[in-house]
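*Asks:* just a sequence and a predicted model for now, questions to come.
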Amino acid sequence: NAGVMQNPRHLVRRRGQEARLRCSPMKGHSHVYWYRQLPEEGLKFMVYLQKENIIDESGMPKERFSAEFPKEGPSILRIQQVVRGDSAAYFCASSPPEYGTGVAYEQYFGPGTRLTVT
Amino acid sequence: AQSVTQLGSHVSVSEGALVLLRCNYSSSVPPYLFWYVQYPNQGLQLLLKYTSAATLVKGINGFEAEFKKSETSFHLTKPSAHMSDAAEYFCAVTGDTGRRALTFGSGTRLQVQP
């Protein structure tokens, strides 16, 4: 069973360009989460999605950032007009449907996309 | 609201010595607690979890953690450190009704000396 897949693993963008980060959840998982890790810091929650729905976007910056999880295909985190402060590692995680309260909260992480803005 | 405090951003132990990484949490609802390990330039791997069953939880690679409600703690231990345990360790909490977002501590970097 393949794990959570993210691509690209490394992404370099110039200031003002757009960055698109992709995440394919584990097979059978219908919940996707995005986290950001700044250098020397822990992970900060950004957004939680189910298929075609944003459930919780309380951690998303109000401007330039958006996320989607379409019916078909991977989840996409999109950053428009990137700035140097967006340089970070972006991690995607997925979790299974709600079969049991404990299991539903387990999140499995992908290898991350390291975004560098020059 | 939930929060996690990891005491000690860096911990150094000798190979074969006891590993103790501290985690205290704050939660207004019964928490689910997790420990993750991150190796350099990699994603996070789930070590173990507490989900209101047994308070002593065993995980992978010989790690275990004990949930102590009275102390609001979930410390991670391993009886004998191995060189391969050198990594960053994160404690995380969730459980807010309707929110699944994990709240992470700032991490503890474990060094293992030969």
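*Replies:* Nice, I can see it.

*Asks:* if B:Leu46 is in a bridge, with which residues?
*Replies:* Under DSSP bridges, the beta-bridge partners of B:Leu46 are B:Tyr36.

*Asks:* can you verify my assumption that it contacts A:Tyr105?
*Replies:* No. Here B:Leu46 does not reach A:Tyr105: they are 11.0 Å apart, not a contact under C-beta atoms under 8 Å. Every C-beta, even on glycine, is put in place using the N, C-alpha and C of the backbone.

*Asks:* more neighbours, the two?
*Replies:* Counted by other C-beta atoms under 10 Å in any protein chain shown, B:Leu46 and A:Tyr105 do not tie: A:Tyr105 has more neighbours, with 22 against 17.

*Asks:* list the contacts for the closest residue to the more buried one other than its chain neighbours?
*Replies:* Spatial nearest neighbour of A:Tyr105, chain neighbours left out: B:Tyr32 (4.7 Å); criterion: C-beta to C-beta, 6 or more residues apart in numbering or on different chains. Listed by C-beta atoms under 8 Å, 6 or more residues apart in numbering or on different chains, the contact set of B:Tyr32 reads A:Gly102, A:Tyr105, B:Lys49, B:Tyr50, B:Thr51, B:Ser52, B:Val93, B:Thr94, B:Gly95.

*Asks:* got a ChimeraX select line for the buried ones in those?
*Replies:* Paste this into ChimeraX to select the buried members of those, with burial taken from 16 or more other C-beta atoms under 10 Å in any protein chain shown:
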select /A:105 /B:49,50,51,93,94,95
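
*Asks:* looking at the contacts of B:Tyr32, which is nearest A:Leu77?
*Replies:* B:Thr94 (20.4 Å; C-beta to C-beta).

*Asks:* I'd assumed B:Thr103 was in contact with that closest one.
*Replies:* Yes. With contacts counted by C-beta under 8 Å, B:Thr94 reaches B:Thr103, the gap being 6.9 Å.

*Asks:* what sits in contact with each of the two?
*Replies:* Common contact partners of B:Thr94 and B:Thr103 (C-beta under 8 Å, 6+ apart): B:Gln2.

*Asks:* re the thing from before, how about the contacts of B:Tyr32 in TSV, adding distance to B:Leu110 and pLDDT?
*Replies:* Formatted as TSV, the contacts of B:Tyr32 follow (distance: C-beta to C-beta, whole Å; pLDDT from 0 to 100):
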residue	distance to B:Leu110	pLDDT
A:Gly102	27	58
A:Tyr105	25	73
B:Lys49	19	90
B:Tyr50	20	90
B:Thr51	25	82
B:Ser52	27	75
B:Val93	20	92
B:Thr94	23	86
B:Gly95	26	74
